Structures are given as structure tokens and as C-alpha cells.
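Enquirer: Pasting a predicted model and its sequence here:
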Amino acid sequence: MSKKEIILKNNKFDVYLEKDIFKEIIESDRFPNWNKILTDYSQVLLNMTEKEFFAETSSDNSIFVRFLLNPKALAVVPLGSQFESIKKDYSTALNHPRAVYILDISLNEAKKISNDLGIAVFSSENLSDTYFEGGLFKELVAGDKEKGGWKSLISIKLPVSNSLVISDPYLFEDWKIMKDDEVDSEEAIKSRVLSFSQMIKTFLPKYLKTEYYITIISGKEKEKRSSAGWKKIFDVLKEEINIIKEEKSYEIIFELLITSAPHKRRIISNYINCWSDKGFRLFKFENFEIVKDYNDIHVHRIFNNIHDQGFTHYESATIALDFINKEYETVRRLNENSEIKSGKGFIFSSSGRSEIQNRMLTSIK
């Protein structure tokens, strides 16, 4: 194997792991799911130096050579120096928000790092083979009561996260703020904000030691609402986010991107792919437990369908994030060129910056 074969690929599922656990996953039958994840979908990033790696690949019988002979295998890359940096400062893992780390550390240490950062970190001594399995699908019938609303609807345990991307072109369709000279009453605005708050809280972790990013993408090609109208919506939502921040005791950066949002409604976190047929206005404003319309909700961990044909939920979410990022880049360029007045897109952020900082979007190349 030549050094030219070490190529990092963008937008693949990055798994940082120790050499011994890699060998155990591939050679034993203890981890069938991880075996398939590594073989079919992952860029394997090893805690080895290049010198150690090439010494081990000098034989055709090397596990690394045999692994790469599989036509589905993407890459095996020695990144020993990067592992040293990670273990000195685990917060560097935030640069790869959808990656996974399987390290020679204790179970308690792995859990602490994972909960602190909202990144999937596992102990190689206590590796779960089913962490990325699990999901939920529900049909919603107009007028039915879902006691507890969003909180009870999403009844599965969600994985760790530090970022959320919500894409729904019709999320604010019923908000009359600055739209065709119509104005919602204060009571109507309050009910809409509380409906939004219920949805957001469902996906937020109880505990975190870093910033949480929430980015909403909305708007349609022929958008009637003005920049001032969107700013009004952003401001009232930002006030609600500030209340949630006090409840959660961690920083939340809220971003609103107005552009031609994809028709398919999505909620994506680091390791979750969620969508709904008619969008995320699931409940009536006047009663957050009464289903608004015939609809459905799908919430899946990223490899819940790993043994099915077609795309995994990880790949599906990646395609959506890539599309959204391209839309953002278009709006950003228009903004920089002062063409934003054409009404083709707006960017609002609680950080005060006119750019999107959500990790899941900025990490896409």
C-alpha cells in the first residue's frame, strides 16, 4: 500500500478509533452493526502513526489490506498526532460534530465527555453495538389528542447532540407578523411562540458544557414577508430562546436563515434524522395536545436502517445538510454583495453576526 492511498474524503461518516478495537470489530462477530458501519459507510481514522500503519500494511495478510480489498471500504487513515491533540483537549472534537470517537478510556470518562460536548464518545472496553439503532414513526390524525404534545410524541430516548437544523418552508406560514399588512394579536403571537418552544425543547439535551446551535431554514421562492417581518419573528423567537437558556443553563445560539427552503421538512441533529410530511406545525395553536392535520412524524438514529436497501439515515441527513449549506452560501454571497435588498434571502443570528455558525453546516466542505 502506498502513501497515496491515504485520502481524507469529505462528508463521510468519520470514526476515530483505537487500533485494537478496530481489529476486534472486523475480526470478531461481537459487533455486527459496527462492522457494517465501518465497512460500508465510514472513513476509518486510526490512532496510529503513518510509520506504524505502513509497517503493518507491508503484508498482504494485514487486516488493513484485507479490509481495504472490500470494494465498499472507503478509507483507513492513520492520524496518530491528531489523536494526541484530541486527548489533550477533547473540545477539539467539536470541529467534527457528526463524527464518533471510540477510545481507550473508561466508560465513565467516555460518558462525561460525550454529555459535556454532545458528541458520541465511547469506551473501547464497553462499546455498544446498538447505539445508532432505534427510531419512531407515528401517523397523526387531525383532531386526535396527544397528551403532553411534543414531549410525549417523541417518546424515544434521543442521542447526544450539540446542534439542531430545522428546515420547513411553511413553519411560519400562519404567522401574520408583517405579512400583507396583517398583524397577529399579542395573544396569537404568544401561542405561536409557545408552540415553537415545545418543539425545540423536545430535542434539547438536559445538560451540556458547550454552546448549542439551533438553525431554522424557512421561506419560499415567492416570499411575501419583508425583511422587517422576518426580523420581528426572529426577535420574538430569540426572546423565547433566552428563557430556554436560563432553564437549561447552557449557551444557545439561535439562527434564522430565510431562503428557498427545501420542500421536505426536516429536523436534523448530530445523530438524528427526522422528517414530517406536512411540516412541524403538528398541533393547534390554541391547544398544544390536539393534532392540527393529518400528518406523520419520523425520528431515526442515523443507522437505524443500516440493514435495509438504499440510503441510511446518515446519508439522507448529509444530503439535506449539503443542500442547505449551498443555499446559505448563496444568501451569504448576496449579502456580501449588497444584493440582499432584492429579497432573495435573510440571515439573523443571536450572536450578532451575519453568518451561520451551526457546527453541522460549517463542518461541510
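Expert: Nice, I can see it.

Enquirer: What residues sit buried inside the longest helix seen in the chain?
Expert: Looking across the chain with DSSP state H, the single longest helix is helix 313-336. Neighbour counts over helix 313-336 (16 or more other C-beta atoms under 10 Å) mark 313-318, 320-321, 323-325, 327-328, 331-332, 334-335 as buried. For the C-beta atoms, the positions are set from N, CA and C on the backbone; glycine is no exception.

Enquirer: Okay, helices next: where are they in the protein?
Expert: With DSSP H as the criterion, the chain has helices spanning 19-27, 32-41, 50-56, 63-68, 80-88, 107-117, 150-153, 186-203, 227-248, 313-336, 359-362.

Enquirer: and residue 346, how many neighbours does it have?
Expert: By the criterion of other C-beta atoms under 10 Å, residue 346 has 23 neighbours.

Enquirer: hang on, I meant residue 227
Expert: By the measure other C-beta under 10 Å, the count of residues near residue 227 is 15.

Enquirer: Name the residues that touch stretch 192-208?
Expert: Under the criterion C-beta atoms under 8 Å, 6 or more residues apart in numbering, residues 115-118, 149-151, 153-154, 158, 160-162, 164, 174-175, 184, 212, 214, 236-237, 239-241, 243-244, 248, 250, 252, 267, 269, 272, 280-283, 285, 288 lie in contact with stretch 192-208.

Enquirer: Any buried residues in the lowest-mean-pLDDT helix or strand in the chain, and which?
Expert: Least confident helix or strand of the chain, by mean pLDDT, DSSP states H and E, is helix 186-203 with a mean of 86. In terms of neighbour count (16+ other C-beta under 10 Å), helix 186-203 has its buried residues at 188-189, 191-193, 195-200, 202-203.

Enquirer: Make CSV out of these and add distance to residue 86.
Expert: Listed next are the buried residues of helix 186-203 as CSV, based on distance: C-beta to C-beta, whole Å:
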residue, distance to residue 86
188, 49
189, 45
191, 45
192, 42
193, 40
195, 40
196, 36
197, 35
198, 36
199, 34
200, 30
202, 31
203, 26
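
Enquirer: Okay, now the unreliable bits of the stretch 251-365 of the chain?
Expert: Scanning the stretch 251-365 of the chain for pLDDT under 70 picks out 337-344, 365.

Enquirer: make it 50
Expert: 340, 342 (pLDDT under 50).

Enquirer: Going along the chain, name the strands of it.
Expert: Assigned by DSSP state E, counting those that start in this stretch, the stretch 251-365 of the chain shows strands spanning 252-258, 265-269, 272-276, 283-284, 287-291, 295-301, 346-349.

Enquirer: Spatially central residue in this structure, please.
Expert: The chain has residue 269 as the residue nearest its centroid, 2.5 Å off, counting by C-alpha atoms, centre = their mean.

Enquirer: Residue 75 - nearest residue in space that isn't next to it in sequence?
Expert: Counting by C-beta to C-beta, 6 or more residues apart in numbering, residue 43 is the residue found nearest to residue 75 once chain neighbours are left out, at 4.9 Å.

Enquirer: So what pairs up with that neighbour in the strands?
Expert: residue 14, residue 75 (DSSP bridges).

Enquirer: close enough to count as contact, residue 79 and residue 16?
Expert: Yes. With contacts counted by C-beta atoms under 8 Å, residue 79 reaches residue 16, the gap being 7.4 Å.

Enquirer: between the two, what contacts are shared?
Expert: Common neighbours of residue 79 and residue 16 (C-beta under 8 Å, 6+ apart) are 45, 47.

Enquirer: Can you say which of the strands of the stretch 251-365 of the chain is nearest to residue 69?
Expert: Evaluated over the strands of the stretch 251-365 of the chain, closeness to residue 69 peaks at strand 295-301, with 29.7 Å, by C-beta to C-beta.

Enquirer: Could you check how many residues crowd around residue 95?
Expert: Residue 95 - counted by other C-beta under 10 Å - has 11 other residues nearby.

Enquirer: Next, the contact list for it, please.
Expert: Taking C-beta under 8 Å, 6+ apart, one finds 359, 363 in contact with residue 95.

Enquirer: Please report how far residue 210 lies from residue 114.
Expert: Between residue 210 and residue 114 the distance is 12 Å, computed by C-beta to C-beta, to the nearest Å.

Enquirer: Sorry, wrong one. I was asking about residue 148.
Expert: From residue 148 to residue 114 the distance is 27 Å (C-beta to C-beta).

Enquirer: the more surrounded of those two?
Expert: Between residue 148 and residue 114, residue 114 has the larger neighbour count (other C-beta under 10 Å), namely 20 against 13.

Enquirer: Quick check: the nearest residue to the more buried one once chain neighbours are set aside vs residue 128, distance?
Expert: Nearest residue to residue 114, sequence neighbours excluded (C-beta to C-beta, 6+ apart): residue 121, at 4.2 Å. Distance, residue 121 to residue 128, using C-beta to C-beta: 12 Å.

Enquirer: And those two? Which one has more around it.
Expert: Shown here are residue 121 and residue 128; by other C-beta under 10 Å, residue 121 has more neighbours (24 against 12).

Enquirer: what is that one paired to in the beta sheet?
Expert: Under the criterion used (DSSP bridges), residue 121 bridges to residue 101.

Enquirer: Is it in contact with residue 103, as I believe?
Expert: Yes. If you go by C-beta under 8 Å, residue 121 and residue 103 touch, sitting 6.8 Å apart.

Enquirer: Quick check: neighbours shared by those two?
Expert: Common contact partners of residue 121 and residue 103 (C-beta under 8 Å, 6+ apart): residue 110.

Enquirer: Run through the bridge partners of the residue nearest to residue 349 when sequence neighbours are not counted.
Expert: The spatial neighbour of residue 349 that comes closest, neighbours along the chain excluded (C-beta to C-beta, 6+ apart), is residue 255 at 4.6 Å. Following DSSP bridges, residue 255 is listed with bridge partners residue 215, residue 349.

Enquirer: No further questions, thank you.
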